[in-house]
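A.B. asks: Build me a structure from this.
(chains A and B)
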Amino acid sequence: MAPDLKEIIEALIFVSLEPLSLEKIKETLADHPPEEVEQTLQELLRDSAAPGRGIAIIQSGGGYIFTTRREFDPWVRRFLKIDRKSKLTSASLETLSIIAYHQPITLSEISALRNVDSSYTIKTLLEKKLIKITGRKKSPGNPLIYRTTERFLAYFGLNSLEELPTEEEIARILGEEKTVEQEQKP
Amino acid sequence: METSESYQVRLEVFEGPLDLLLFLIRKKKIDIHNIPIAVITREYLDYLGRKEQINLDREAEFVLIAALLIHIKSQLLLPREEPLLAGEDPRRFLVDQLVEFQKIKAACSLLKEREEEQLSLWTREILPPLPEPGEPDLVEVSLFDLAETFFVLMKRKEAENFKVVRGKDYSLEEKMNEIIAQLEKEKVLDFLEYFSRQETLEGAIVSFFSLLELIKARLVIAVQEQLFQTIKVWLRKQSPMRQ
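C.D. replies: Here you go, the predicted model:
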């Protein structure tokens, strides 16, 4: 029996430690029509989303990767002896979203938006490889320019910067806050 | 008037002055585009005067915005020769900043949800190696750990009522060679022990600086089993100076 294309793709995603991009899958399966590969991949994703398994394939960081399912997090952590994964501090998160939306951006521009000196936070984010230096701005002092990294995308399960929360989503959140406040009014 | 109990909020809650301003604006249910500067300034200054802890670094940033608020108010009060044109509101700069910051905060809350979700998904790549039972967890120490250890040691030395003998000069180079020679003989050096063996305070300090120099030159590797424990020093293999 000839191996099923779907099973082949599943095997490729399984061995890949990095999110496996669609291009890479197509490249590997060059003997199959690209449309067929794409369609089969979609089938595979649907299959993997079906209940009854501990793992699933998700799209993240510009590719496809096996992850455990959410609901098994407590057991995975028990197995790995990790109490909880450390989250970003609110200062880090704030700085990171400024960089994400305003990149390319310099330290002084970030600090001006937050009205808080952000050099320490920048250092932490660089260490975590969530941001990177991409050059210098041609302005007085030639300050460094920062951008978010691929790891940033993967960290938040995004495939590209276009998937960041949109203006509309943000407006909705701000709108919700307003309605809540109005309800609270006696 | 609000009672003081209504905002017993600690400074740590606010990452910066804009956080505090937004909080006050929301609390007073103020339209961000039409801020009564006098009211908000009073609230803001009230808060600054009330908080218990003062972090000097952050303080400056909070005071800067207070100054901006007062400046805006003074501009609004001063009589003008010509009336303000539409869109020439002195509050404009602050409002723009606040609106943008509000958006950032909203984006933050969305990203936080995503972070939460992603952190409960585990991929194979991030599996940390499980520590082998019985094997000490060695960490390569940073300069700060070293400095920390140094201060602990200094305290100890002080307690020993160290006799300061003047007259003997220590050279960094000599000490570095001494440490290297020792390492070539014994392979591993317990730095705490080596440090304690120093006869004088100068000797102890110079030996610490020598260690820092050697680490910087990548001639030795310093490892600590746990923070504040002793530091073990090894020669880096194939270091150029050992030929």
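
A.B. asks: C-alpha from now on. contacts and neighbour counts both.
C.D. replies: Fine.

A.B. asks: isn't A:F72 right up against A:G54?
C.D. replies: Yes: counting by Cα atoms under 8 Å, A:F72 does reach A:G54; the two are 7.2 Å apart.

A.B. asks: could you dump stretch A:76-93 to PDB, C-alpha only?
C.D. replies: What follows is stretch A:76-93 as a C-alpha-only set of coordinates in PDB (Å, rounded to 0.1, in the frame of the first residue of the first chain):
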ATOM      1  CA  VAL A  76       3.000  17.900  31.700                       C
ATOM      2  CA  ARG A  77       4.200  20.300  34.400                       C
ATOM      3  CA  ARG A  78       4.000  17.700  37.000                       C
ATOM      4  CA  PHE A  79       6.100  15.400  34.800                       C
ATOM      5  CA  LEU A  80       8.700  18.100  34.100                       C
ATOM      6  CA  LYS A  81       8.700  19.300  37.700                       C
ATOM      7  CA  ILE A  82       7.800  22.800  36.700                       C
ATOM      8  CA  ASP A  83       5.400  24.600  38.900                       C
ATOM      9  CA  ARG A  84       4.500  27.300  36.400                       C
ATOM     10  CA  LYS A  85       6.100  28.900  33.500                       C
ATOM     11  CA  SER A  86       7.300  32.400  34.200                       C
ATOM     12  CA  LYS A  87       5.300  35.000  32.400                       C
ATOM     13  CA  LEU A  88       6.400  38.400  31.200                       C
ATOM     14  CA  THR A  89       6.200  41.200  33.700                       C
ATOM     15  CA  SER A  90       3.700  44.000  32.800                       C
ATOM     16  CA  ALA A  91       6.600  46.300  32.100                       C
ATOM     17  CA  SER A  92       8.000  43.800  29.600                       C
ATOM     18  CA  LEU A  93       4.700  43.200  28.000                       C
END
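
A.B. asks: Okay, buried residues for that stretch please.
C.D. replies: A:76, A:90-93 (16 or more other Cα atoms under 10 Å in any protein chain shown).

A.B. asks: Taking those residues, tell me the two that lie furthest apart.
C.D. replies: A:V76 and A:A91 (28.7 Å; Cα to Cα).

A.B. asks: Tell me how many other residues crowd A:V15.
C.D. replies: Using other Cα atoms under 10 Å in any protein chain shown, A:V15 has 12 neighbouring residues.

A.B. asks: Could you check the pLDDT of it?
C.D. replies: Each residue has a pLDDT score; the one for A:V15 is 88.

A.B. asks: Let me see the contact set for it.
C.D. replies: Residues touching A:V15, when contacts are defined by Cα atoms under 8 Å, 6 or more residues apart in numbering or on different chains, are absent altogether.

A.B. asks: And the one 4 residues further on, by the same measure?
C.D. replies: The neighbourhood of A:P19, defined by Cα under 8 Å, 6+ apart, consists of A:13, A:59-65.

A.B. asks: so where's the chain shaky on pLDDT?
C.D. replies: Reading this off chain A. Counting by pLDDT under 70, chain A has low-confidence residues at A:1-2, A:176-186.

A.B. asks: try chain B instead
C.D. replies: Within chain B, the stretches falling below the threshold (pLDDT under 70) are B:1-13, B:50-57, B:83-87, B:125-145, B:156-168, B:224-229, B:237-243.

A.B. asks: where exactly do the helices run in it?
C.D. replies: Listed in chain order, the helices found in chain B under DSSP state H are B:17-27, B:37-50, B:56-77, B:92-119, B:143-159, B:172-186, B:191-197, B:201-216.

A.B. asks: Could you list the buried residues of the fourth one?
C.D. replies: Taking 16+ other Cα under 10 Å as the neighbour-count basis, helix B:92-119 is seen to contain the buried residues B:94-95, B:98, B:101-112, B:115, B:118-119.

A.B. asks: Count the neighbours of A:R114 for me.
C.D. replies: Neighbourhood size, A:R114 [other Cα under 10 Å]: 24.

A.B. asks: which ones are touching it?
C.D. replies: A:R114 sits next to A:95, B:16, B:18, B:101 when contact means Cα under 8 Å, 6+ apart.

A.B. asks: swap the cut-off to 10 Å and go again
C.D. replies: Counting by Cα atoms under 10 Å, 6 or more residues apart in numbering or on different chains, A:R114 touches A:91, A:94-95, A:98, A:108, B:15-19, B:97-98, B:100-101, B:104.

A.B. asks: Please apply the same query to A:I122.
C.D. replies: Counting by Cα under 10 Å, 6+ apart, A:I122 touches A:91-92, A:95-96, A:99, A:107, A:110, A:128, A:130-132, A:146.

A.B. asks: Just the closest of these to A:E162, please.
C.D. replies: Comparing the contacts of A:I122 against A:E162 with Cα to Cα places A:I99 closest, at 14.0 Å.

A.B. asks: Please name the residues that touch A:L93.
C.D. replies: Counting by Cα under 10 Å, 6+ apart, the residues that A:L93 touches are A:87, A:99, A:121, A:125, B:104-105, B:107-109, B:111-112, B:115.

A.B. asks: For it, identify the helix or strand it belongs to.
C.D. replies: Assigned by DSSP states H and E, A:L93 belongs to helix A:90-102.

A.B. asks: following that helix, which helix or strand shows up next?
C.D. replies: Past helix A:90-102, heading to the C-terminal end, the next element that is a helix or strand (DSSP H and E) is strand A:105-106.

A.B. asks: helices and strands around that next one, which ones?
C.D. replies: With contacts defined as 3 or more Cα pairs under 10 Å, 6 or more residues apart in numbering or on different chains; DSSP states H and E, the secondary structure elements packing on strand A:105-106 are helix A:90-102, strand A:131-136, strand A:144-148.
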